[in-house]
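Q: Please work out how this folds:
(chains A and B)
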There are 2 protein chains.
Amino acid sequence: MTGPVPAATVARLPGYLRALDELAERGVETTSSEELATMTGVGPAQLRRDLSWLGSNGVRGVGYEVLRLRGRVAEALGVGADQPVVIVGIGHLGHALAGYLRSEGSTYRVAALVDADPDVVGTTVAGLVVEHDRHLAEVVRREGAVLAVLATPVGVAQEVCDRLVEAGVRGILAFTPVALRVPQGVTVRSSDVASELQILGFHTRLPPPR
Amino acid sequence: MTGPVPAATVARLPGYLRALDELAERGVETTSSEELATMTGVGPAQLRRDLSWLGSNGVRGVGYEVLRLRGRVAEALGVGADQPVVIVGIGHLGHALAGYLRSEGSTYRVAALVDADPDVVGTTVAGLVVEHDRHLAEVVRREGAVLAVLATPVGVAQEVCDRLVEAGVRGILAFTPVALRVPQGVTVRSSDVASELQILGFHTRLPPPR
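A: A predicted model of the protein is given here:
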């Protein structure tokens, strides 16, 4: 297939990558769309369509070569490229995220931590000294960061977002319960625990299947 | 419209609720699908379809009554109902989540915290004493918890998930980079920071719009 890869397909690629990593670790050389589908909880037909966007078609009766397919998915996601990330807001959540991203053999390099609280600025978190929010633009440019994680209080989220974009950030992962406004060409993904629980709450109140 | 509400529609309801809360706080009495669409980043036609699932159709030339629509969305999401949540895994992330959910005037009642680490069990986090993982089933039943947050190390995530489901949990918000297997009737939503960054990484490497 040609044209831009649908956003829903992109959102499933990390799951495929994890499944392929697991197969590779187990020394499995070929896999089927059925096996990958089971591992990732996606329908086999959907999975085949998704992978065809990457130009990867399984061979009938053989399936997919694990390492080759892994390489394609990783390349599409930019895994292996040096992708510096700036985290803004080093409260409990920012702290947890910094630790997580710096410990899991992550492909993302947490390049800098930024906070506005004088009690937090200058402290060392996950091996990095927290820098002052007033230097945010400088930090983003110094690190060449295209990705940022926003874990500030909700009241300043839009303002910090605007300054990140102004400084050159093009992808923001926001842990805030507000929709951030960004210009075209900038992508925001929001992760909000309260919203996730509301969605789960809806589904758990449906009658159980008969 | 009749039948089960599509999962994608459910996933957009928390955003509508936040927008309606904001309008209500500002004292706005009626709103239009265009205004709500702009506030939430959803197309107006999509928004009207979503709301029609709740039996809420705007009145042509008038729009939607803010408080009435807010009530419908809140009711659908179970906001206001007492929904006890158990958090399993009280590392940095579990700690942050407990603090967040207990501080934001959240509609979710964090009922219990559970961890397996003897250094963590017995400590007080966000006003609750952390209980031992060996009592997990007991804790879930005692609190009548239908929702759980899973923030354990990845290696034990599936096992803890199985025990939560066995004890009666029907909705799990998982902060783990693995797909959890659950029986029909149980819903899992996964939030994984590394995956979110991979998805952002993909989008930020697309050529900027001309």
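Q: any idea which residue sits dead centre in chain A?
A: Nearest to the mean C-alpha position of chain A, counting by Cα atoms, centre = their mean, stands A:Leu173 at 7.3 Å.
Q: so what secondary structure elements neighbour the helix or strand hosting it?
A: Assessed by DSSP states H and E, A:Leu173 sits inside strand A:171-174. Judged by 3 or more Cβ pairs under 8 Å, 6 or more residues apart in numbering or on different chains; DSSP states H and E, strand A:171-174 is in contact with strand A:147-150, helix A:157-167, strand A:187-190, helix B:193-204. The C-beta positions use only the backbone N, C-alpha and C, and glycine is treated the same way.
Q: hmm, the last one in reach of chain A?
A: Same thing as helix B:193-204. Yes. On the criterion Cβ under 8 Å from any Cβ of the partner chain, helix B:193-204 is in touch with chain A at B:193-204.
Q: ok so, going back, so of the helices and strands packed on strand A:171-174, which one's packed in deepest?
A: strand A:147-150 (a mean of 27; mean count of other Cβ atoms under 10 Å in any protein chain shown).
Q: For that strand, which helices and strands make contact with it?
A: So strand A:147-150, by 3+ Cβ pairs under 8 Å, 6+ apart, packs with strand A:83-88, helix A:157-167, strand A:171-174, helix B:193-204.
Q: contacting residues around it?
A: Contacts with strand A:147-150, where a contact means Cβ atoms under 8 Å, 6 or more residues apart in numbering or on different chains, come from A:83-89, A:94, A:97, A:108, A:140, A:157, A:160-161, A:164, A:169-176, A:180, B:193, B:197, B:200-201, B:204.
Q: Pull out the buried residues from whichever helix in chain A runs longest.
A: For chain A, the longest helix by residue count, based on DSSP state H, is helix A:7-25. Residues of helix A:7-25 classed as buried: A:9-21, A:23 (neighbour count, 16 or more other Cβ atoms under 10 Å in any protein chain shown).
Q: Is there contact, residue-wise, from the helix or strand that it is followed by to chain B?
A: Downstream of helix A:7-25, the first helix or strand assigned by DSSP H and E is strand A:30-31. No. Using Cβ under 8 Å from any Cβ, we find that strand A:30-31 stays clear of chain B, coming within 15.1 Å at best.
Q: Point out where chain A drops to low pLDDT.
A: A:1-3, A:103-107, A:206-210 (pLDDT under 70).
Q: Break it down into its domains, please.
A: Split into domains by automatic domain parsing, chain A comes to A:7-76, A:83-195.
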